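In: make a model of this:
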Amino acid sequence: MVSIFIFGEESFLVKEKIAFIKENFIIDNPLSGVDFFDFKESNAKNFLELLNSGNSLFSNKKLIIAKNIFFLKGKELSLIFERINGRGAGIDLVLTEDDEKFKLKPKEANKFLTGFKLLEMKKLNPISAKKFIAEKVACFSKGEVTFNDEVLNKLAGVFFNDLWRLNTEIEKLVNFKKKGMVNEIDLKKVVKIDQQAKVFDLIDSIGSGNRRNSFKLAVQLIEDGENELKLFSLIVYQLRNLMRISLGRKKFGSDKNLLGAKLKINPFVVAKTLPMLGLFPEKRLKKAYQLATDLDFKMKTGDLKPRDGLMELILKI
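Out: Numbers count the residues shown, from 1 in each chain. Have a look, this model is predicted:
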C-alpha cells in the first residue's frame, strides 16, 4: 500500500511526479482503476465514498490521487485521515496541494502524515536546472541530441525559475535539431530570450541611476506579460548574486567558470553580473537588499501592492 504526499513551490515538478506515479501504476496494474479527487471541488463525504468503493472487477488494486486535503480543517480533517490510515490494503493514495505557497507545518506532518512518504518539490537554481535540461534532452531525443555548454548555461541562467517555459523550449530545440549538438546559432534561431535578457538590462539601468529608463524597462516587461511579483523576485535574486559574486571575486578572482563553480552560480549569470559590480559598491548592495526585504514583507502582508513595491524598489535602490 503506497501513501505519498507531494507538495512544493515548483508546480511543474509536482505535476510531473504525479504523472510519473500514475503512468507506472497503470503499467504495473493494467486492469486497475485511477480516481481523481479535489477537496476544493467536492466534500469529504464524497471522498469517503470513493475510499470505500470497491476496486475493479479484474483487480484488487486502485490508485487515488487527491488534491488540497488541507483545505479541510479541524475534526473533518482528522476524520478523513483516520479513514485514510484505515483504508484497504489495495488502495494506493497520492495526496498533493495545488497552492505553490503551501507550507507543510511540522505539527501537521507529525499528526497526519507519519505513514506517508513526503516529497517536496523546490524551485531549481541555475546549477540544478542544467541537470534538468540534460535529462529532458535525453528524454525528448532518445539520446540523439545534446546541448553544448554555452546553450546549457544560457538556458539554465535565463529560464531556471520557469520550468514550464524551459521544458517547452527544450522540446522545440530537440525537434529543430533532430540529431547532433545544439549550438548558440540554433538557440538564436529557435528560442526568443529577449524578454529575460531585459531583466539584466533593468538591473544595469538601476545600477547606473537612470530611473527614467529603469521605469520604462519595468513597464515594458509588465506589459509583455511579466508578473510584478516575479519581476520583483528576479531583481532580488540578482541583488543576492551581486553580493555573493562581489565577495567571491575578492577570494577567487574574476574567472567566470571558477567563480561559478565555487559559488554554485551558473557561469552565464556570473558573466552577466561581473560588469555590474562597479555600479554596486558593497554598502549600496546591503542597503538595497535590506530595502527589498522590507518591501517583500509589506507585499506579503498585503500592506503594499506588488506593482507599488516593484516601483519603490527601483526608485530607492
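
In: where does the chain dip in pLDDT?
Out: Scanning the chain for pLDDT under 70 picks out 54-58, 194-197.

In: mind running it again at 80?
Out: 54-60, 192-200, 204, 224-226, 266-268 (pLDDT under 80).

In: and it, what are its domains?
Out: 3-120, 126-190, 194-316 (automatic domain parsing).

In: turn these into JSON lines, including mean neighbour count.
Out: For glycine as for every other residue, the C-beta is placed from the backbone atoms N, C-alpha and C. Listed next are the domains of the chain as JSON lines, based on neighbours: other CB atoms under 10 Å:
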{"stretch": "domain 3-120", "mean neighbour count": "15"}
{"stretch": "domain 126-190", "mean neighbour count": "17"}
{"stretch": "domain 194-316", "mean neighbour count": "16"}
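
In: ranges for the helices of the stretch 101-250 of the chain?
Out: 106-112, 126-141, 149-159, 163-177, 184-190, 194-207, 211-223, 228-252 (DSSP state H, counting those that start in this stretch).

In: turn the ones you listed into JSON lines, columns for distance to residue 29.
Out: Output for those, formatted as JSON lines (distance: least, CB to CB, whole Å):
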{"stretch": "helix 106-112", "distance to residue 29": "26"}
{"stretch": "helix 126-141", "distance to residue 29": "24"}
{"stretch": "helix 149-159", "distance to residue 29": "36"}
{"stretch": "helix 163-177", "distance to residue 29": "28"}
{"stretch": "helix 184-190", "distance to residue 29": "40"}
{"stretch": "helix 194-207", "distance to residue 29": "43"}
{"stretch": "helix 211-223", "distance to residue 29": "48"}
{"stretch": "helix 228-252", "distance to residue 29": "40"}
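
In: residue 89: what's its closest spatial neighbour, skipping adjacent residues?
Out: Spatially, and ignoring its direct neighbours in sequence, residue 89 is nearest to residue 1 (5.1 Å; CB to CB, 6 or more residues apart in numbering).

In: contacting residues around residue 144?
Out: By CB atoms under 8 Å, 6 or more residues apart in numbering, the contact set of residue 144 is 178, 179, 180.

In: swap that for residue 252, please
Out: 258, 259, 262.

In: what sits against residue 240?
Out: Residue 240 sits next to residue 289 when contact means CB under 8 Å, 6+ apart.

In: mind redoing it with 10 Å?
Out: 265, 285, 289, 292 (CB atoms under 10 Å, 6 or more residues apart in numbering).

In: same question for residue 306.
Out: Residue 306 touches 222, 227, 228, 229, 230, 231, 232, 295, 299, 300, counting by CB under 10 Å, 6+ apart.

In: return the member of those nearest to residue 138.
Out: Ranked by distance to residue 138 (CB to CB), the contacts of residue 306 are led by residue 230 at 29.0 Å.

In: let me know whether that closest one touches residue 123 as I believe.
Out: No: contact criterion CB atoms under 10 Å: residue 230 and residue 123 do not qualify, at 11.6 Å.

In: okay, and the common contacts of the two?
Out: residue 161.

In: all strands for the stretch 1-150 of the chain, in order.
Out: With strands called from DSSP state E, counting those that start in this stretch, the stretch 1-150 of the chain shows them at 3-7, 33-38, 62-67, 91-96, 117-120, 145-147.

In: adding distance to residue 173, write those out as a markdown table.
Out: Listed next are the strands of the stretch 1-150 of the chain as a markdown table, based on distance: least, CB to CB, whole Å:
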| stretch | distance to residue 173 |
| --- | --- |
| strand 3-7 | 29 |
| strand 33-38 | 33 |
| strand 62-67 | 31 |
| strand 91-96 | 30 |
| strand 117-120 | 29 |
| strand 145-147 | 7 |
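
In: of all the ones you listed, which one is nearest residue 110?
Out: With respect to residue 110, and counting by CB to CB, the nearest of these is strand 117-120 at 11.3 Å.

In: what pairs with the closest one, parallel or antiparallel?
Out: strand 3-7 (parallel) (DSSP bridges).

In: chain center to stretch 180-195, what's the gap?
Out: Stretch 180-195 has its C-alpha centroid displaced from the chain centroid by 22 Å (CA atoms, centre = their mean, to the nearest Å).

In: what sits up against that stretch?
Out: Identification of contacts with stretch 180-195 by CB under 10 Å, 6+ apart yields 137, 141, 144-148, 150-152, 154-155, 157-159, 165-166, 168-170, 172-177, 201, 220-221, 224-226.

In: can you pull the alpha-carbon coordinates of it into CSV?
Out: Only the C-alpha atoms of stretch 180-195 are listed here, as CSV (Å, rounded to 0.1, in the frame of the first residue of the first chain):
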residue,chain,number,x,y,z
GLY,A,180,23.5,16.2,-33.2
MET,A,181,24.6,19.0,-30.9
VAL,A,182,22.6,22.2,-30.4
ASN,A,183,24.8,25.3,-30.5
GLU,A,184,24.3,29.0,-30.0
ILE,A,185,23.3,29.6,-33.6
ASP,A,186,20.5,27.0,-33.2
LEU,A,187,19.5,28.6,-29.9
LYS,A,188,19.1,32.1,-31.5
LYS,A,189,17.0,30.6,-34.3
VAL,A,190,14.6,28.8,-32.1
VAL,A,191,14.4,30.5,-28.6
LYS,A,192,13.5,34.1,-28.0
ILE,A,193,15.2,35.1,-24.8
ASP,A,194,15.0,38.9,-25.3
GLN,A,195,12.3,39.1,-22.5
